[in-house]
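[1] What shape does this take:
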Amino acid sequence: MTTIDLQVQPNENEKQYLWRIGLAIEEGNINLTWEEFADIMNKNWRKDESEYRSSSAYRKPVQYAVRFYKEVWQPQNSKCDDTEYNDLMVELHKERIKARDERTELTRIIREQARKESFFDLVKNTMQENFPISPIIEDEEYQISNYDNGIIVHLTDLHTGIDIDNTWNTYNENILATRLSKYLNELKEVFTLHRPKDCVVVLGGDLISGVIHSNLRIENNKTVIEQIKIASLAIAEFITKLHSHIPKIRVYSVVGNHSRLFPQKEQQIKGEYLDSLVLFNLETYFRNSVNVKICTNTLDEGIASFTLCNHLWYAVHGDKDNVNKVVEKLTMLTGRKPEGILMGHRHHNAFTSQSNVKVIESGCVSGMDNYCIDNRLVGTPEQMVVVTNKNKLIKGLYDIQLV
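    Numbering: from 1, shown residues only. Sure thing, here's the model as predicted:
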């Protein structure tokens, strides 16, 4: 008589246990009655005595399964010749290989996702612990304007971290600061002329240079972490100085293609653009500020939507949009037709009108790099500023040159 272990085996469920011991009883391989086995089953698998089952409740399913096995499965199995058996084993082996490959691929995806999440968490935690917090500027420092004007300050394509030194352009983090200072000086003249009450700052993407092209790895003189930190501090200082001239500021941001984590677009997952970390740092910096509000996009990380002086505006970076179709595409996508759209990405200032919607393109802060030279793309560092009020969508449009 074969020795049968009555202990429940690791990972063995109730039905597996019932079949293993019940088959041994039916075949006479264990000195155990069904009544005795019923007691064992009830103690192992029933929490309360009211749930205990009779011996027949365990015996009948096993006996039925044994008959089915001997009368159906066994005869069918014995009909298989060696060729059929070998073919079956080959197919089973293929399925095991497929399952193993699928598990390997799933493990790789989970590992990459975990690494990216760890990277974002690391940067956020580091910035939150070490990033400065802005002082609070009181309302009484402002001269209240009787005008009803609002202003849109577009700040896009900084490409922070790239080091450019060619015949047409020189750029690094120090020149970034100089150009932002130049931008502020130009804005002071606009403020003096129009005395706006409200201001929207639109960060148009590509705030960092990133590493999406191999040539950028050569031209960059800062790591991605350093790029994020420099861009965050530079923009925070820019908004702080802007705030000293205007009482209320809202900040919106869209992600750009240079802030992808991976060069290949196919590997990019929504929500994992490095420009978002710059916005996170700004939220940290201005978290105690009453009149500077860092706004979250309600539509998509790549589409900002805001209203200024009762006019609806959209903002996108521009890498996913054609200038000639952006009005139609965004209107169909959102279900609402805007009055104005802001774009960047193409590194030049431009103004067009489509279906009575004004499309405003801003250039870049960085200027011509080696990519521009190789592709014969000529341009200067420039940005666009819009003055609006309730009666006129565009009361003033300013072509700001940063050199």
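[2] What separation is there between residue 319 and residue 346?
    9 Å (CB to CB, to the nearest Å). For the C-beta atoms, the positions are set from N, CA and C on the backbone; glycine is no exception.
[3] To clarify, my last question referred to residue 396.
    Distance from residue 396 to residue 346, by CB to CB: 23 Å.
[4] Then residue 244?
    32 Å.
[5] ditto for residue 320
    Distance of residue 320 to residue 346, computed by CB to CB: 13 Å.
[6] okay, those two: which has more neighbours?
    residue 346 (17 against 13; other CB atoms under 10 Å).
[7] pretty sure the more buried one contacts residue 362?
    No. Counting by CB atoms under 8 Å, residue 346 sits too far from residue 362 to count as a contact (9.1 Å).
[8] nearest spatial neighbour of residue 21, skipping sequence neighbours?
    In space, and not counting its chain neighbours, residue 21 is closest to residue 37: 6.2 Å by CB to CB, 6 or more residues apart in numbering.
[9] Doesn't the one you found belong to a helix?
    Yes. Under DSSP: H, G, I helix; E, B strand; the rest coil, residue 37 sits within a helix.
[10] separation between it and residue 29?
    Separation of residue 37 from residue 29 (CB to CB): 13 Å.
[11] repeat for residue 221
    Taking CB to CB, one finds residue 221 at 78 Å from residue 29.
[12] Tell me how many other residues crowd the closest residue to residue 222 other than its chain neighbours.
    Of all residues not flanking residue 222 in the chain, residue 161 sits nearest, at 3.9 Å (CB to CB, 6+ apart). Using other CB under 10 Å, residue 161 is surrounded by 29 other residues.
[13] who's in contact with residue 292?
    Counting by CB atoms under 8 Å, 6 or more residues apart in numbering, residue 292 touches 134, 239, 243, 249, 251, 286.
[14] So among these, where is pLDDT lowest?
    Lowest pLDDT of those: residue 134, 67.
[15] Counting neighbours, which bits of the helix or strand that residue 397 is a member of end up buried?
    In this assignment (DSSP states H and E), residue 397 forms part of strand 396-401. Judged by neighbour count (16 or more other CB atoms under 10 Å), strand 396-401 contains these buried residues: 396, 398, 400.
[16] For the residue nearest to residue 198 when sequence neighbours are not counted, give the beta-bridge partners.
    With CB to CB, 6+ apart as the criterion, residue 198 has its nearest non-adjacent residue at 4.4 Å, and that residue is residue 150. Listed beta-bridge partners, residue 150: residue 198, residue 388 (assigned using DSSP bridges).
[17] quick one: residue 150 and residue 388 touch, right?
    Yes. Between residue 150 and residue 388 there is a contact at 5.2 Å, judged by CB under 8 Å.
[18] Comparing these two, which residue is more hemmed in?
    residue 388 (28 against 25).
[19] can you pull out the strands in the chain?
    In the chain, the segments counted as strands under DSSP state E are 150-155, 164-165, 170-171, 198-203, 248-253, 292-294, 304-308, 311-315, 340-343, 350-354, 357-361, 382-388, 396-401.
[20] so where is the stretch 301-403 of the chain shaky, pLDDT-wise?
    For the stretch 301-403 of the chain, not a single residue meets the criterion pLDDT under 70.
[21] Against residue 239, how distant is the residue nearest to residue 198?
    In terms of CB to CB, residue 150 sits 16 Å off from residue 239.
[22] what does residue 397 give?
    To residue 239, residue 397 is 22 Å away according to CB to CB.
[23] before we move on, what about residue 311?
    22 Å.
[24] Would you mind telling me which of the two has more residues around it?
    Each of residue 311 and residue 239 has its neighbours counted (other CB under 10 Å); residue 239 has more, 23 against 20.
[25] Show the contacting residues for the more buried one.
    Residue 239 touches 201, 249, 251, 282, 286, 292, counting by CB under 8 Å, 6+ apart.
[26] The fourth one - how many residues pack around it?
    Put plainly, it is residue 282. Residue 282 is flanked by 24 other residues according to other CB under 10 Å.
[27] Quick check: it touching residue 233?
    No. Counting by CB under 8 Å, residue 282 does not reach residue 233; the two are 9.9 Å apart.
[28] With adjacent residues omitted, what lies nearest to residue 366?
    Leaving aside its sequence neighbours, residue 366 sits nearest to residue 159 (CB to CB, 6+ apart; 3.9 Å).
[29] so who does that neighbour touch?
    Contacts of residue 159 by CB under 8 Å, 6+ apart are 171, 206, 208-209, 258, 364-366, 369.
[30] Throw these into TSV and include distance to residue 300, thanks.
    What follows is those, written out as TSV (distance: CB to CB, whole Å):
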residue	distance to residue 300
171	30
206	17
208	20
209	23
258	18
364	23
365	24
366	25
369	28
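[31] Which single one of the residues you listed is nearest to residue 306?
    For those, the residue nearest residue 306 by CB to CB is residue 206; the value is 19.9 Å.
[32] ok now stretch 14-26, how far from the chain's centre?
    Relative to the centre of its chain, stretch 14-26 is centred 52 Å away, using CA atoms, centre = their mean, to the nearest Å.
[33] er, stretch 320-327 I mean
    For stretch 320-327, the distance to the chain centre is 22 Å (CA atoms, centre = their mean).
[34] what do you get for stretch 361-370?
    Centre-to-centre, stretch 361-370 and its host chain are 25 Å apart (CA atoms, centre = their mean).
[35] What of stretch 220-227?
    Here stretch 220-227 is found 20 Å from its chain centre; the criterion is CA atoms, centre = their mean.
[36] now what about that stretch, what contacts it?
    Here stretch 220-227 makes contact (CB under 8 Å, 6+ apart) with 123, 160-163, 172-173, 208-211, 230, 274.
[37] and those as TSV, adding distance to residue 379?
    Putting the contacts of stretch 220-227 into TSV (distance: CB to CB, whole Å) gives the following:
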residue	distance to residue 379
123	31
160	18
161	19
162	15
163	18
172	18
173	20
208	19
209	17
210	19
211	23
230	23
274	24
